[in-house]
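**Q** 3D, please:
(one chain, ligands or ions: 2)
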Amino acid sequence: MSFVTIPLEQKQAVLRELSGIKEQFAARHWFPGTSGNLSLRIGDYTPDNFYFAITASGKDKSVSTPSDFLFVDQEGRACETTELRPSAETLIHCEIYRKTGCGAVFHVHTVFNNLVSEYFGEQGQVPIQGLELIKAFNIWEENAAITVPVLPNYADIPRIAELVPDALHPAVPGILLRGHGIYAWGQNAFEAKRHLEAFEFIFEYIYRDLLLRK
Ligand SMILES: CSCCC(=O)C(=O)COP(=O)(O)O
Ligand SMILES: [Zn+2]
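**A** Ligands and ions are numbered 1, 2, ... in the order given. A predicted model of the protein is given here:
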C-alpha cells in the first residue's frame, strides 16, 4: 500500500461530489446488479503520479453508506488504511487517467450500451455521424463523424486495461467494452457526466434507428 496525505477538506469535497453523481445515476437505474464504478481524481497530476477516489467493489451503488469509496494511487493501490477493495475495474480507470490526464471517469452498464457494443463488436467501433449531441463532446463541425472504440470484454481486467491506451481516440471521451458497458471521462465530474449522458442518448438513438430501418 502506498500512503499519501490528502487534506481532509479536499477528500470530503471529492466524496460529496462523487456521492451526488452516484445518487443521480442510481436514480436512472444505471447500476443494475451492483454493476458500474465511478472515480474522481484528486490533487496534482503527472502521468506516473496521481490519486483518485473510486467506488468500492461489489457494493449496491443505489444506496449511500460511509464505505462507498476509497482513495487509490496511479497503480490502483489503496493509499490509505482501509478494509475496502477498490472496484475490480480500477486498472481501466488508471489507464484512462494516465493516457488522457482527465479528472473523472464514469462507467455504467445499460441495455442500450450493451446492445450497441454487441452489434458493432466485430467491427471494433461504433460509427456516429450528424447527431447534434456530438457537440456535447466539444466537436462543433457540421455533420461531424466520430467512432467509439469497442474493446473485447476479457475476464482478465489487466488484459483489457493494457489495450486502453492505444484504443482511445483523443477527441472521443469514451470506450465501450463489448457486451459490458461504457467508460466515459472528462476534465471534471460535470464534463464526464455530460459526456456519459450524450453517449447514452446516442446509443439509444442508434438502437431505435436500426429498428426503424428493419
Ligand atoms: C456485477 S457487474 C460485474 C462487475 C462489473 O462489471 C462492474 O462494473 C462492477 O464491478 P465493481 O468491482 O466496480 O463493483
Ligand atoms: Zn463493469
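**Q** unless I'm mixing things up, residue 67 is touching residue 56, no?
**A** Yes - with contact defined as CB atoms under 8 Å, residue 67 reaches residue 56; the gap is 6.1 Å. Where you see a C-beta, it was placed from the backbone N, CA and C, and this is true even at glycine.
**Q** So between those two, which is more surrounded?
**A** The neighbour count for residue 67 versus residue 56, taken as other CB atoms under 10 Å, is higher for residue 56 (18 against 10).
**Q** Who does the more buried one form a beta bridge with?
**A** Listed beta-bridge partners, residue 56: residue 86 (assigned using DSSP bridges).
**Q** could you measure it against residue 35, distance?
**A** Distance, residue 56 to residue 35, by CB to CB, to the nearest Å: 14 Å.
**Q** cool, residue 78 as well?
**A** Taking CB to CB, one finds residue 78 at 22 Å from residue 35.
**Q** Also residue 158?
**A** Using CB to CB, we find residue 158 at a distance of 19 Å from residue 35.
**Q** Which one of those two is surrounded by more residues?
**A** Shown here are residue 158 and residue 35; by other CB under 10 Å, residue 35 has more neighbours (15 against 11).
**Q** hang on, that one packs against residue 109?
**A** Yes - if you go by CB under 8 Å, residue 35 and residue 109 touch, sitting 4.2 Å apart.
**Q** is residue 151 in a bridge, and if so with what?
**A** With DSSP bridges as the rule, residue 151 is bridged to residue 177.
**Q** Need the pLDDT of it.
**A** On the pLDDT scale, residue 151 is placed at 98.
**Q** hang on, residue 118 in a strand?
**A** No - per DSSP: H, G, I helix; E, B strand; the rest coil, residue 118 lies outside any strand segment and is helix.
**Q** Could you double-check that it lies in contact with residue 177?
**A** No - checked against CB under 8 Å, the pair residue 118 and residue 177 is beyond contact range at 10.6 Å.
**Q** How about the residues of this structure by ligand 1?
**A** Residues of the chain that fall close to ligand 1, judged by CB under 6 Å from any ligand atom: 33, 34, 35, 36, 37, 55, 57, 58, 87, 88, 89, 107.
**Q** Show me which residues of the top strand by length along the chain are buried.
**A** Longest strand of the chain, by residue count under DSSP state E: strand 37-46. Buried residues in strand 37-46, counted by 16 or more other CB atoms under 10 Å: 37, 38, 39, 40, 41, 42, 45.
**Q** Bridge partners for the third one, pull those for me.
**A** Which is residue 39. Beta-bridge partners recorded for residue 39 (DSSP bridges): residue 54, residue 105.
**Q** ok, it - contacts?
**A** 18, 52, 53, 54, 55, 87, 90, 93, 104, 105, 106 (CB atoms under 8 Å, 6 or more residues apart in numbering).
**Q** which residues in this protein form strands?
**A** Going by DSSP E, the chain shows strands at 37-46, 49-55, 69-73, 104-108, 125-129, 145-151, 174-177, 181-186.
**Q** Any chance of JSON lines for those, columns distance to residue 193?
**A** Listed next are the strands of the chain as JSON lines, based on distance: least, CB to CB, whole Å:
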{"stretch": "strand 37-46", "distance to residue 193": "10"}
{"stretch": "strand 49-55", "distance to residue 193": "15"}
{"stretch": "strand 69-73", "distance to residue 193": "17"}
{"stretch": "strand 104-108", "distance to residue 193": "7"}
{"stretch": "strand 125-129", "distance to residue 193": "19"}
{"stretch": "strand 145-151", "distance to residue 193": "17"}
{"stretch": "strand 174-177", "distance to residue 193": "12"}
{"stretch": "strand 181-186", "distance to residue 193": "7"}
